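Participant: Below is the sequence, then the predicted model.
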Amino acid sequence: MTDEIRDLSASQQHYLDIRSDDLNNTSRVIEGKYLDLLAQTELNMNKKQWAIGPILPTKLDYISNRENICLEWLNKQPPRSVLYVSFGTVTSFSDRQIKELAMRLEQSKQRFIWVLRDANRGDIFKGEDRKVELPEGIEERVEGVGLVVREWTPQPEILAHSSTGGYMSHCDWNSCLESITMGVPIAAWPMHTDQPINGFLVTEILKIGLLVRDWGKREEVVSASTIENVVRKLMASEEGNVIRKRAEEFGEAVRQSTEKGGTSRIELDSFIAHITR
């Protein structure tokens with residue numbers, strides 16, 4: 001973590017002592033065991049842990065009619081064939097790493113959508129902007145197979161689309177929760193803060209994804225061959241099919257938890273009853 005994140009955490013300690021209970025943007029389908037353990041810690045004794053998530057729309061039936069370049073492109077692709085690649089708004093790669101990823105996405109012939117914003121910063125805390133440069137001509141060479149997008153994208157809708165079969169992600173919690181809810185397996189590439197823990201949860205505990213880079217090697221550039229191996233395994237192998245099936249089943253269970261009678265809905269009703277008693 002950066003010093004700024006540590007200072008933010010330290011400033012919140014006083015309020016942890018005077019809070020009543022906790023609302024968690026997760027589902028007991030995902031983290032029930034850990035929420036129970038959390039409730040038993042000294043810091044949380046006698047404090048209720050409500051898991052009311054995922055706090056996002058779980059029914060996106062309208063997506064096929066929405067006007068967006070990504071969704072329009074996805075409408076033309078086979079089911080579960082596209083790898084969605086996005087690393088959020090506060091994560092940035094070195095130029096060398098971007099070239100390694102671009103090279104492998106091109107040579108793999110794998111269908112993909114890559115969100116690569118021009119506004120990505122070299123250092124998010126210094127405000128240093130830079131334009132991300134791809135290898136010359138790559139966007140023309142991958143036309144029809146891949147789509148490079150340099151602007152905002154409707155991520156939940158992309159993940160919910162029937163043509164999306166995998167998500168290469170930095171594993172911030174919102175992105176993980178969206179992907180889990182939509183039943184999309186994750187190629188986990190954590191960068192900082194809570195992301196390594198989230199990546200571990202996805203790949204080692206829930207077993208609905210594969211790790212792109214071991215956290216112990218976070219200072220190293222991930223080679224094109226390593227990226228290719230993970231992409232091929234996730235998108236075009238029997239092991240990937242097993243992971244995808246498990247992710248789809250997990251997603252269905254999470255979505256059901258928000259319906260009437262589901263665990264998240266019951267906990268939300270319990271919270272509302274508690275604060276209106």
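Facilitator: Cool, got the structure.

Participant: So Ala39 is in contact with Trp50, correct?
Facilitator: No: using C-beta atoms under 8 Å, Ala39 and Trp50 do not qualify as a contacting pair, with a distance of 10.5 Å. In this view, the C-beta of every residue, glycine as well, is placed from N, C-alpha and C.

Participant: Compare those two (neighbour count), which wins?
Facilitator: Under the criterion of other C-beta atoms under 10 Å, the comparison of Ala39 against Trp50 puts Trp50 first, with 19 against 15.

Participant: On the three-state scheme, the more buried one is what?
Facilitator: Assigned with DSSP: H, G, I helix; E, B strand; the rest coil, Trp50 falls in the strand class.

Participant: for Met168, same thing?
Facilitator: Met168 - assigned by three-state DSSP - is strand.

Participant: Okay, strands next: where are they in this protein?
Facilitator: 22-24, 49-51, 82-86, 112-115, 121-123, 128-129, 146-149, 164-169, 186-188, 209-211 (DSSP state E).

Participant: hmm, back to that, joint contacts of Ala39 and Trp50?
Facilitator: When C-beta atoms under 8 Å, 6 or more residues apart in numbering defines a contact, no residue borders Ala39 and Trp50 alike.

Participant: any low-confidence regions in the stretch 51-200 of the chain?
Facilitator: Low-confidence segments of the stretch 51-200 of the chain (pLDDT under 70): 60-66, 89-92, 118-132.

Participant: Domains of this protein: list them as residue ranges, please.
Facilitator: For the chain, automatic domain parsing gives the domain ranges 3-53+258-275, 76-254.

Participant: Output those in CSV, with distance to Asn68 appended to each entry.
Facilitator: CSV is the format used below for the domains of the chain (distance: least, C-beta to C-beta, whole Å):
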stretch, distance to Asn68
domain 3-53+258-275, 25
domain 76-254, 6
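
Participant: deepest of these, which one?
Facilitator: domain 76-254 (a mean of 18; mean count of other C-beta atoms under 10 Å).

Participant: Work out the gap between that one and the centre of the chain.
Facilitator: Once both centres are worked out by C-alpha atoms, centre = their mean, to the nearest Å, domain 76-254 turns out to sit 8 Å from its chain's centre.

Participant: my guess is Gly209 meets Thr203, correct?
Facilitator: Yes: using C-beta under 8 Å, Gly209 is in contact with Thr203, at 4.8 Å.

Participant: overlap in contacts of the two?
Facilitator: Contact criterion C-beta under 8 Å, 6+ apart; residues shared by Gly209 and Thr203: 186, 188.

Participant: In contact with the closest residue to Leu101 other than its chain neighbours, which residues?
Facilitator: Excluding the flanking residues, the one nearest Leu101 by C-beta to C-beta, 6 or more residues apart in numbering is Ile227, at 6.0 Å. Contact analysis of Ile227 by C-beta under 8 Å, 6+ apart lists 100-101, 104-105, 212.

Participant: For the residues you listed, give me CSV that also has distance to Asn24.
Facilitator: Output for these, formatted as CSV (distance: C-beta to C-beta, whole Å):
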residue, distance to Asn24
Glu100, 37
Leu101, 33
Arg104, 37
Leu105, 35
Val212, 27
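
Participant: and those, which two are the farthest apart?
Facilitator: Greatest spacing in the contacts of Ile227, by C-beta to C-beta: Leu105 and Val212 (12.8 Å).
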